[in-house]
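**Student:** Quick check, what structure comes out for this input:
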Amino acid sequence: MAGVVFHLFVHEGKRQREIARILNHEQIKTDLAAYFTAKAEAGAFRVEPALAARFFLGILFSYVVGRKLWNSAVPDRATLDGIVDIFLNGVRS
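**Tutor:** Predicted structure coming up:
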């Protein structure tokens, strides 16, 4: 299934500017890694910055693809806050 989704995403990326921009995400990854580096240096995060940037983008990528596949509504602020909360704090109580 993942291979099919990836193939469709790449194919659509050739036709739609928004998807093509997502596929070329190096600047976003660089900016996120810089953010995580600054937080790690300040002692707020215990993380390898480039890996954290990739994981966070992966979560967002998965969410966006899921929305496109299942015609979900545009996320509200609470949904996005929930994604960030789970990324930063996990799911344990």
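**Student:** Would you state the helices of the chain in chain order?
**Tutor:** Along the chain, the stretches classed as helices by DSSP state H are 2-13, 17-23, 26-41, 49-70, 77-89.
**Student:** got those as a markdown table, with mean pLDDT and mean neighbour count columns?
**Tutor:** Bear in mind the C-beta positions are built from the backbone N, C-alpha and C, glycine included. Shown next, in a markdown table, are these (pLDDT from 0 to 100; neighbours: other CB atoms under 10 Å):
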| stretch | mean pLDDT | mean neighbour count |
| --- | --- | --- |
| helix 2-13 | 55 | 12 |
| helix 17-23 | 61 | 13 |
| helix 26-41 | 88 | 14 |
| helix 49-70 | 85 | 15 |
| helix 77-89 | 87 | 11 |
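**Student:** Quick one: distance of stretch 69-85 to the chain centre.
**Tutor:** Stretch 69-85 sits 12 Å away from the centroid of its parent chain (CA atoms, centre = their mean, to the nearest Å).
**Student:** repeat for stretch 58-68
**Tutor:** Distance, centroid of stretch 58-68 to centroid of chain: 7 Å (CA atoms, centre = their mean).
**Student:** Report the central residue of this structure.
**Tutor:** In the chain, the C-alpha nearest the mean C-alpha coordinate belongs to L57, at 2.3 Å (CA atoms, centre = their mean).
**Student:** Verify the stated contact: that one with Q27.
**Tutor:** No. At 11.5 Å, L57 and Q27 do not qualify as touching, with contact defined as CB atoms under 8 Å.
**Student:** Right, I'll call it a day here.
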